[in-house]
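Undergrad: the following comprises the amino acid sequence and a computationally predicted model.
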Amino acid sequence: MLTDRSQLTTEQQNANSEQIDRMTTEQMVAVINAEDACVAAAVAQEQIKVAAAVDMIVARLRQKGHLFYVGAGTSGRLGVLDASECPPTFGVKPSLVQGIIAGGRRALVRSIEGAEDRPLDGVTELKKSKVSAADVVVGIAACGLTPFVHGALSYAQELKAGTIFVTCAPEAVQHIPAEIIINPVVGPEVITGSTRMKAGTATKLVLNTLTTATMIKLGKVYGNLMVDLNATNDKLKDRSLRILIKLTGLDRDAAEALLTRADGRLKSAIVMHYRKTDLKTAQKILKQSQDSLRNAIEDVQ
């Protein structure tokens, strides 16, 4: 294990911001923005590994597995955030994608930095979540060394679960216990060591891509429309209605009536329209089509 953190890219001093405390506000903002501009390019360099990670996740989820994010601090919060957004966006159960953060729920709103230093706590959390060989565990640590995350990943490997790691420190890669390591190198932070900045942004982009591409492959998206969304508020109810109108050509009143007959289930409503059937039959058709709307309606569109 690498012990000298001063070697890490994430701990280096950024030459472009060495005098940032003496700059005008406009100059500070310009420096931060210029540094942020490199993040997408760094993530792009990892596209092949991200795609491999997506394929691993999809394969496991199709076999009734689950996806777990494990992290501490900013990394942990980003994992919990991405997991929490999957149910409303893609209509999946909250248990399908779960976020685990060192220090527990309290750490989401208040820093509990010491919680990341205990590898056995990472093991304990995976055991509490009943992680198995069917699942995928994604470790997230900007520096690549967080003991809590390493403990969790090592245990996941013992279980034969799928293992992925997201880090922005190339120096740590050889010490990471994971099958796939996604390593966008964004360089030193504007404020030395503050990985909530570029590293955090890179991590958010990677996690967005992992779950979005996974859900697309699992049939949760038709074209680029979120046909499996969970309409839990007025905004999402309106979006469901607009998607239904777009895909069926119905007027608003007819679409509202159809959505009501479908108990608000957008994907089922679309199948009901094209297959000229009731809700129960539409749900059966979707199940036979592996929950893919395209497979369910393509031959009758």
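TA: Perfect, thanks for sending it.

Undergrad: max-length helix in the protein?
TA: helix 198-217 (DSSP state H).

Undergrad: poorly predicted segments of the stretch 1-150 of the chain, please.
TA: 1-3, 113 (pLDDT under 70).

Undergrad: now the helices for it?
TA: Using DSSP state H, counting those that start in this stretch, the helices of the stretch 1-150 of the chain run over residues 25-36, 39-44, 47-62, 73-90, 119-128, 147-159.

Undergrad: just checking, next helix/strand downstream of whichever helix or strand Y274 is part of?
TA: In this assignment (DSSP states H and E), Y274 forms part of helix 266-275. Following helix 266-275 in sequence order, the next helix or strand is helix 279-288 (DSSP H and E).

Undergrad: could I have the helix or strand just after that following helix exported to CSV, CA atoms only?
TA: The C-terminal neighbour of helix 279-288 among helices and strands, as given by DSSP H and E, is helix 293-297. Extracted C-alpha coordinates of helix 293-297, given in CSV (Å, rounded to 0.1, in the frame of the first residue of the first chain):
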residue,chain,number,x,y,z
LEU,A,293,-40.6,-0.9,-24.5
ARG,A,294,-38.9,-1.1,-27.9
ASN,A,295,-39.2,-4.9,-28.0
ALA,A,296,-42.8,-4.7,-26.7
ILE,A,297,-44.2,-2.3,-29.4
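
Undergrad: tell me how far helix 293-297 is from the chain's mean position?
TA: For helix 293-297, the separation from the chain centroid amounts to 25 Å (computed by C-alpha atoms, centre = their mean, to the nearest Å).

Undergrad: one more: stretch 227-244?
TA: 21 Å.

Undergrad: may I see the buried residues of it?
TA: V227, D228, L229, N230, A231, L236, K237, R239, S240, L241, I243, L244 (16 or more other C-beta atoms under 10 Å). Just so you know, the C-beta spots here come from the backbone N, C-alpha and C atoms, and that holds for glycine as well.
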